[in-house]
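In: Pasting a predicted model and its sequence here:
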Amino acid sequence: MISALGPVASDLGANRVVRGVKIPHPCGDPTLDPAGDHALRVGLVKASLDALASKLDAARIFEAAR
Amino acid sequence: MSGKRLELRTFDVERVAFGERTALDGRTLTIDRDEIGVLAASDPAFAGVDVQLVRPGEAARIPQITDVVEPRVKSGGPGGVFPGLLSPVEPVGSGRTDRLRGVAVVTSGEVPWLGAKGLFVAHDSVLDTAGPGADLHPYAGLHLLVLRFRFAEGVDHEGYERAILLAGEKVARALALTAREAPPTSVETRELGRVDASLPRVVYAYQVQSQGVFLRSRLYGRILDELMPVLVHPNELADGALTSGGLGGHGAKLHTWMHQNNAVVEGLIAGHGSRWEFAGVVVHRGHYYLYEDKQRVGLRIAESAALLGAQGAVFTLGGAGNNVTEVMLAIQECERRGIKTVLITWEHAGPDGSDYPLPFAVPEAVAIVSTGNLDEPLSLPAMDRVVGDSAIRARPEIGGVPFPIDRAIVLERRTFYAGAANPAGFGRTGSVES
């Protein structure tokens, strides 16, 4: 789950949480230029794939590379 | 905390009527309707105003409320009521203040849509002064002077919001000025004087809503949208340093009246010196979009409480939704510092009350008082009188779909009903475990 409120998401039972940007725009940042926003989105997708591929013993919040 | 001493003079009002002159005679308040109308509608944001009276317990439905204000005015000491808005920016909370009890000013009207989207839309609401809805807010027992505005074109939402706010405050001050020559019903001196050092120190962490237009609070006139937690003396609240207003989040809205008469502040003042030492109020906003900002708010509240030497902290919520996150993080930080906490909150428990009640919680939050379920549908009977138009706008984000209110209505969510979530413990609602 990509969420701006990582601890809230894991509190509600999501095991793999990727930290999103802000509540109104978790998967992007309108303050960045198009190239920067694209790079940010790619980072979120990569972090999400890493999260899916990770073996977990407990819920974890993943940070995308920025 | 000490230093501020406020003489609060209360003038009970039992009868209110329109008449030739705005004056208080004993417990009868006469209001010159034309004079008040001219004063209320003087801002160019308005095309006019309709001035109406609603009696205590009258079967009336008041739509599209923006604020409720108790008439107050300074009659001694520095500053004036509603500093930074009606009065200069001077410290308030000391000297002498006159208040009319039993009457309140209600501002209302259908604010133009202007194509707004998302959260920052003029959301309509209703408030009943009889029937089951009357138990959900503190106003049904009061005489209500309802100002229903018509709006001029060519003004933006910021302009409407500010004009409505100032109009309610101006009229409230004008009504309170009638008390000057009359004998007060009671006089109370409020100060947070020195107390027995063995008593526990308690702070009140007071969350207000301030996210953008229509979901706003102001402190000394300054918009609090970027507020970090700030320490305030309860007497400043009594003089209108903190104001509300706007057309959103009605179920959980804190009107200016609630800041002036906050039930938690009243309780903490009543027990100051006998049960605890009331160390002050930490005003803060929730609903930040960034998790780190929520952590900053939580940290600052706990650091402020620790700096005041608090052993206990009382929390209430301003607004609904993810604003509980800031409060939960503050509770966690307080408990880690050995400061015991209690939270007074609504529940987001779903229509039948069985859902997980809060969007976020921490294990340290073990003392919670529920003021009821914000998601429970509300059935309201027809009222004899509607103090406005016969319909409000549902779905404001698309410009509004007419929702008739001149009959029995069912509100699927209580966000349309002013005060329904009882945000600072005013009403008589709660919940039972089952």
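Out: It's in. Residues are numbered from 1 along each chain as shown, chains lettered A, B, ... in the order given.

In: thought residue B:16 was touching residue B:175?
Out: No: with the criterion set as C-beta atoms under 8 Å, residue B:16 and residue B:175 do not qualify as a contacting pair; they are 9.4 Å apart. From N, CA and C alone the C-beta is placed, and that goes for glycine too.

In: Mind listing the shared neighbours of those two?
Out: For the pair residue B:16 and residue B:175, residues contacting each of them under the criterion C-beta atoms under 8 Å, 6 or more residues apart in numbering or on different chains are B:29, B:31, B:103, B:145.

In: out of residue B:16 and residue B:175, which sits in the more crowded spot?
Out: When neighbours are counted by other C-beta atoms under 10 Å in any protein chain shown, residue B:175 comes out ahead of the other of residue B:16 and residue B:175, with 26 against 23.

In: Check which helix or strand that one maps to.
Out: Of the helices and strands defined by DSSP states H and E, residue B:175 is found in helix B:157-176.

In: Where does the stretch 51-200 of chain B get nearest to chain A, residue-wise?
Out: In the stretch 51-200 of chain B, no residue comes nearer to chain A than residue B:118, which is 8.1 Å away by C-beta to the nearest C-beta.

In: Quote the end-to-end distance of stretch B:111-122.
Out: Its first and final residues considered, stretch B:111-122 spans 6 Å by C-alpha to C-alpha, to the nearest Å.

In: if I look at the closest residue to residue A:11 other than its chain neighbours, how far off is residue B:135?
Out: Counting by C-beta to C-beta, 6 or more residues apart in numbering or on different chains, the nearest residue to residue A:11 once its immediate chain neighbours are dropped is residue B:360, at 5.7 Å. According to C-beta to C-beta, to the nearest Å, residue B:360 stands 29 Å off from residue B:135.

In: Where do the helices of the chain begin and end?
Out: Looking at chain A here, since you left the chain open. Assigned by DSSP state H, the helices in chain A fall at A:6-11, A:34-53.

In: nope, chain B
Out: Along chain B, counting by DSSP H, helices occupy B:33-40, B:157-176, B:234-238, B:256-260, B:263-270, B:291-307, B:323-336.

In: quick one, which of the ones you listed is nearest to residue B:354?
Out: Of all the helices of chain B, the one in closest proximity to residue B:354, counting by C-beta to C-beta, is helix B:323-336 (18.8 Å).

In: buried stuff in that closest one?
Out: Neighbour counts using 16 or more other C-beta atoms under 10 Å in any protein chain shown place B:323-335 of helix B:323-336 among the buried residues.

In: I'd like to know which of those residues is nearest to chain A.
Out: The shortest gap between chain A and any of those belongs to residue B:325, at 6.2 Å (C-beta to the nearest C-beta).

In: Please look at the closest one and residue A:5 and confirm they touch.
Out: Yes: applying C-beta under 8 Å as the test, residue B:325 and residue A:5 come out as touching, 6.4 Å apart.

In: need the residues of chain A near chain B, please.
Out: By C-beta under 8 Å from any C-beta of the partner chain, the residues of chain A that approach chain B are A:4-8, A:11-12, A:19, A:22-24.

In: who wins for most neighbours among these?
Out: Top of the residues of chain A next to chain B by neighbour count (other C-beta under 10 Å): residue A:5, with 23 neighbours.

In: how near is the residue of the stretch 201-350 of chain B found nearest chain A to residue B:297?
Out: When distances are taken as C-beta to the nearest C-beta, the stretch 201-350 of chain B approaches chain A most closely through residue B:289, which lies 4.2 Å from it. According to C-beta to C-beta, residue B:289 stands 12 Å off from residue B:297.

In: Between these two, which is the more surrounded one?
Out: residue B:297 (27 against 16).

In: nearest residue to that one other than its sequence neighbours?
Out: Computed as C-beta to C-beta, 6+ apart, the closest residue to residue B:297 that is not its neighbour in sequence is residue B:326, at 4.3 Å.

In: My read is that that neighbour contacts residue B:207, right?
Out: Yes: between residue B:326 and residue B:207 a contact is recorded at 7.0 Å, counting by C-beta under 8 Å.

In: Give me the buried positions along stretch B:359-373.
Out: So stretch B:359-373, judged by 16+ other C-beta under 10 Å, has buried residues B:359-362, B:364-365, B:368, B:370-373.

In: Now do residue A:55: how many residues are near it, please.
Out: Applying the criterion other C-beta under 10 Å, we find 4 residues in the vicinity of residue A:55.

In: Tell me who's in contact with it.
Out: Contact analysis of residue A:55 by C-beta under 8 Å, 6+ apart lists nothing.

In: how much space between it and residue B:341?
Out: In terms of C-beta to C-beta, residue A:55 sits 37 Å off from residue B:341.

In: and if you look at residue A:43?
Out: Using C-beta to C-beta, one obtains 37 Å as the distance from residue A:43 to residue B:341.
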